[in-house]
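In: Sequence plus the predicted model coming up.
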Amino acid sequence: MRIRGKDKTDYSEVRRRNLKLLVELYGSMVKLNLALGRRKNDTSLAQIKNEAFNKTKNTPRRMGNSIAREIEDKLNLKRGWMDEEHPDAFPLPFQNSCETQNTENRKNLNSSTTSVLSNNNNLLSNIPLYEVSSERNSGLNSIPISVGEIVMPDAFLTLLPNLENKSEIQAFYMKDNSLSKTIPYGSIVIVDVSVKEFIKDGIYLVRINNNTIVRKIVLAATGGYFVINDLNPPEKVDTLSDIQIFGLCLGGWEPRIF
């Protein structure tokens, strides 16, 4: 016989730790709120994270099922992700596992991308890193160049929306200001290079007039597309035939100075 309140698992502390993980991954509580479609100054999640005291219930504020499911749905996480431990999200640094590999096979943008390493049962993805620079050879065949690789915990990759095959992702070091409000100069952006055509509104790595750059592409309500950057007014085009799409931007990191 079910005794009310006795057989219900308390996930509140696990959810609070996962909330702190998400804040770290997104960079701030403000950015997490915006990703969830909340007001940037919404204090609900901050109160849960900081265990603010709830005078009504005489207990610290906890995360209930509705908020946990909302976070999973809005961030495209699997159902129940907030209720599970994720100890390997930030594994300890390891040595001698990231030996320099032959980069000649990764010079081309369409080369094989991600290899998986195993270290103490922690799965890590070894992702090729390219530099995209508007300062180098401006206007003249400015193509991405291989500059190395980054190692990323698979637990982070599960947070990237719409990522179906991690073997099709590459990282790009963006030395460009054309979308600085979203992708500040010096950011590292994770790109799904299996996407070679417009599939939805979003930010794409594209080639326009012999320059490899990022552009936000939005389907226009009256037909055609808006190609958007932060330096000029949106450009309305009927087709994307003059734009070569290299991939869809999924997420990344922006530079910070401490």
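Out: That came through fine. Here the structure is a predicted model, which means the values were calculated and not measured.

In: just the strands in the protein please.
Out: Secondary structure of the chain (DSSP state E): strands at 53-54, 59-60, 115-119, 122-133, 145-153, 169-175, 187-192, 202-208, 211-219, 225-228, 235-237, 244-253.

In: of all these, which has the lowest average per-residue confidence?
Out: In terms of mean pLDDT, the lowest-scoring of the strands of the chain is strand 115-119 (a mean of 41).

In: one step back: adding distance to D83 and mean neighbour count, write the strands of the chain out as a markdown table.
Out: In this view, the C-beta of every residue, glycine as well, is placed from N, C-alpha and C. As requested, the strands of the chain are exported to a markdown table (distance: least, CB to CB, whole Å; neighbours: other CB atoms under 10 Å):
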| stretch | distance to D83 | mean neighbour count |
| --- | --- | --- |
| strand 53-54 | 21 | 12 |
| strand 59-60 | 18 | 13 |
| strand 115-119 | 26 | 13 |
| strand 122-133 | 21 | 19 |
| strand 145-153 | 20 | 16 |
| strand 169-175 | 27 | 22 |
| strand 187-192 | 26 | 22 |
| strand 202-208 | 29 | 19 |
| strand 211-219 | 34 | 18 |
| strand 225-228 | 38 | 18 |
| strand 235-237 | 45 | 13 |
| strand 244-253 | 23 | 19 |
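
In: from what I can see I48 touches L19, true?
Out: Yes: here I48 reaches L19: they are 6.2 Å apart, a contact under CB atoms under 8 Å.

In: Spit out the residues that contact those two alike.
Out: Common contacts of I48 and L19 (CB atoms under 8 Å, 6 or more residues apart in numbering): M63.

In: residue contacts, V206?
Out: 212-215, 217, 243-246.

In: which one is M174 nearest to, not counting chain neighbours?
Out: Distances taken as CB to CB, 6 or more residues apart in numbering place S187 nearest to M174, at 4.9 Å, with adjacent residues excluded.

In: is it true that the one you found touches E254?
Out: Yes: assessed by CB under 8 Å, S187 is found in contact with E254 at 4.7 Å.

In: where along this structure do the helices fall?
Out: Ranges of helices within the chain are 12-26, 29-35, 44-49, 65-74, 154-157, based on DSSP state H.

In: Including mean neighbour count, mean pLDDT and distance to S125, could those go into a markdown table?
Out: Below are those laid out as a markdown table (neighbours: other CB atoms under 10 Å; pLDDT from 0 to 100; distance: least, CB to CB, whole Å):
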| stretch | mean neighbour count | mean pLDDT | distance to S125 |
| --- | --- | --- | --- |
| helix 12-26 | 18 | 87 | 15 |
| helix 29-35 | 18 | 86 | 22 |
| helix 44-49 | 18 | 92 | 28 |
| helix 65-74 | 15 | 90 | 22 |
| helix 154-157 | 18 | 70 | 6 |
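
In: could these be laid out in TSV, adding distance to A171?
Out: Listed next are the helices of the chain as TSV, based on distance: least, CB to CB, whole Å:
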stretch	distance to A171
helix 12-26	16
helix 29-35	20
helix 44-49	28
helix 65-74	25
helix 154-157	11
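
In: Would you mind saying which of those helices lies nearest K181?
Out: helix 29-35 (12.3 Å; CB to CB).

In: I'd say E72 and R79 touch.
Out: Yes: counting by CB under 8 Å, E72 touches R79, with 5.9 Å between them.

In: what's across from I150 in the sheet?
Out: Beta bridges link I150 to I127 when assigned by DSSP bridges.

In: ok so, going back, of all the helices of the chain, which lies closest to G202?
Out: Nearest of these to G202, taken as CB to CB: helix 29-35 at 14.0 Å.

In: and the closest one, how far from the chain's centre?
Out: 13 Å (CA atoms, centre = their mean, to the nearest Å).

In: ok, and the closest non-adjacent residue to K181?
Out: In space, and not counting its chain neighbours, K181 is closest to D230: 5.3 Å by CB to CB, 6+ apart.

In: coming back round to it: nearest to F198, of the helices of the chain?
Out: Going by CB to CB, the one of the helices of the chain nearest F198 is helix 29-35, 22.5 Å.
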